[in-house]
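Asks: Quick one, fold the following:
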Amino acid sequence: MLFIHGDQDTFVPYDMLDQNYDACASKVKQKLTIHGATHAKSTQVDPELYWNTVDDFLDRNF
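Replies: So this is what the prediction gives:
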């Protein structure tokens, strides 16, 4: 499970990233914070970090 969250999200509070990550039972999990991103704007704020992380996660796990 890959958790991605913007640290400026006011719709879904940023601290929920850790809550959801900790509640996930999967042994394969990773979290990514996109600094400066609001809700659903992670790809626009830092597309290189976002897509590199997604690609790396998929390559390692599928």
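
Asks: Contact partners for Phe57?
Replies: For Phe57, the set of contacting residues under the criterion of Cβ atoms under 8 Å, 6 or more residues apart in numbering consists of 2, 30. C-beta: built from backbone N, CA, C; applies to glycine.

Asks: looking at this, Ile4 is in a strand?
Replies: Yes. With DSSP: H, G, I helix; E, B strand; the rest coil as the criterion, Ile4 is part of a strand.

Asks: and the gap between it and Gln19?
Replies: Computed with Cβ to Cβ, to the nearest Å, the distance linking Ile4 and Gln19 is 15 Å.

Asks: Compare these two (neighbour count), which wins?
Replies: Ile4 (18 against 10; other Cβ atoms under 10 Å).

Asks: so how many other residues sit close to the closest residue to that one other than its chain neighbours?
Replies: Distances taken as Cβ to Cβ, 6 or more residues apart in numbering place Leu32 nearest to Ile4, at 4.7 Å, with adjacent residues excluded. Under the neighbour criterion other Cβ under 10 Å, Leu32 is assigned a count of 18.

Asks: Could you do Lys41 as well?
Replies: For Lys41, the tally of surrounding residues (other Cβ under 10 Å) stands at 14.

Asks: contacting residues around Phe3?
Replies: 17, 20-21, 24, 29-32.

Asks: could you measure the residue nearest to Ile4 against Thr43, distance?
Replies: Applying Cβ to Cβ, one obtains 12 Å for the distance of Leu32 from Thr43.

Asks: In this structure, mark out all the strands, start to finish.
Replies: With strands called from DSSP state E, the chain shows them at 2-6, 30-34.

Asks: where exactly do the helices run in this protein?
Replies: For the chain, the helices identified by DSSP state H occupy 16-23, 42-45, 47-61, in order along the chain.

Asks: Can you check which of the ones you listed gets nearest to Gly36?
Replies: Nearest of the helices of the chain to Gly36, taken as Cβ to Cβ: helix 42-45 at 5.2 Å.
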